[in-house]
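Undergrad: need a 3D model of the following:
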Amino acid sequence: MSRNQKRITPDDLMPLAEYQKARKERREKILQIKQHRRIEVGPYAAFYFENYDTMLQQVQEMLYIEKGGEAQIEDELSAYNPLIPQGEELVCTLLLEVEDPNRRDRILRTLSYIENHIFMQIGSDRIPAVILPGEDRTREDGKTSSVHFLRFPFTPAQIAAFRDPAQSVSLGIAHENYAHIAPLSQASRETLAGDFDMA
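TA: Below you'll find the predicted structure:
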């Protein structure tokens with residue numbers, strides 16, 4: 001695995017039989033990688049910051065579970081390659097995690113277009129989240145999805161500030177029905193800083 005890679009190709013994938021043998025070890029390894037890539041904001045929102053490693057594992061798992069063979073590979077790569085950060089950005093999956101399905105339905109109906117109210121704050125500089133193309137996740141009736149795919153585009157100056165321990169970094173949501181902000185730990189900042197390509 002190499003987090004510096006920007007795209008998964010078919011050549012990166014393990015054959016199914018080989019993956020099955022290594023699956024337990026790979027799943028344990030990816031849990032370590034994900035440890036500081038999950039950030040909770042408020043009671044329901046969990047942001048999972050993705051990179052090459054997390055998406056490669058996701059593709060391998062989908063191929064293992066669905067067993068669609070060669071025909072499945074192109075669809076999985078099309079779905080998950082856009083979630084690999086390309087240098088001057090962070091990319092995440094936002095999950096609105098409410099266990100009870102009835103309660104989840106009620107809450108999601110109060111969070112219309114929450115994807116338009118998400119930001120990362122670095123000092124006094126606010127970076128709004130951008131939804132991935134084709135990923136409008138709120139329905140016409142106002143119910144939002146429990147899953148959102150977002151990117152935070154950074155300038156070189158913002159990347160430098162993100163890396164600067166003297167600067168505060170927070171992740172926030174400013175929706176009228178869900179206003180919460182959470183500081184990023186130093187461990188998370190150091191982990192996510194590896195997603196930037198400073199070359």
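Undergrad: measure stretch 35-42 end to end?
TA: End-to-end distance of stretch 35-42: 18 Å, with C-alpha to C-alpha, to the nearest Å as the criterion.
Undergrad: what's the mean pLDDT across that stretch?
TA: Mean pLDDT, stretch 35-42: 96.
Undergrad: and the particular helix or strand that has Ile65 in it, what does it pack onto?
TA: Here Ile65 sits within helix 52-66, counting by DSSP states H and E. In terms of contacts (3 or more C-beta pairs under 8 Å, 6 or more residues apart in numbering; DSSP states H and E), helix 52-66 is packed against helix 16-34, helix 70-80. For glycine as for every other residue, the C-beta is placed from the backbone atoms N, C-alpha and C.
Undergrad: would you mark the buried spots in it?
TA: 52-63 (16 or more other C-beta atoms under 10 Å).
Undergrad: out of the helices and strands packed on helix 52-66, which is closest to Gln186?
TA: Set against Gln186 and scored by C-beta to C-beta, these come closest in helix 16-34, at 17.2 Å.
Undergrad: need the helices for the chain, in chain order.
TA: 16-34, 52-66, 70-80, 101-109, 156-163, 186-193 (DSSP state H).
Undergrad: for Ser146, which of the ones you listed is the nearest?
TA: helix 101-109 (6.2 Å).
Undergrad: contact partners of that closest one?
TA: By C-beta atoms under 8 Å, 6 or more residues apart in numbering, the residues outside helix 101-109 that reach it are 44, 96, 98, 141-146.
Undergrad: now do the helix holding Ile65 against helix 70-80, angle only.
TA: 140 degrees (axes from the mean of the first three to the mean of the last three C-alpha atoms, to 10 degrees).
Undergrad: quick one: average confidence on helix 52-66?
TA: For helix 52-66, the mean per-residue pLDDT is 95.
Undergrad: could you list the low-pLDDT ranges of the protein?
TA: 1-4, 134-136, 198-199 (pLDDT under 70).
Undergrad: dump the helices and strands packed on helix 52-66 to TSV, plus distance to Val169 and mean neighbour count.
TA: Formatted as TSV, these follow (distance: least, C-beta to C-beta, whole Å; neighbours: other C-beta atoms under 10 Å):
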stretch	distance to Val169	mean neighbour count
helix 16-34	19	12
helix 70-80	26	13
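Undergrad: rewinding a little: just the contacts of helix 101-109: which are in strands?
TA: Leu96 (DSSP state E).
Undergrad: most widely separated two among the contacts of helix 101-109?
TA: Farthest apart among the contacts of helix 101-109 - using C-beta to C-beta - are Tyr44 and Asp141, which lie 19.9 Å from each other.
Undergrad: who has more neighbours out of the two?
TA: Tyr44 (19 against 7; other C-beta atoms under 10 Å).
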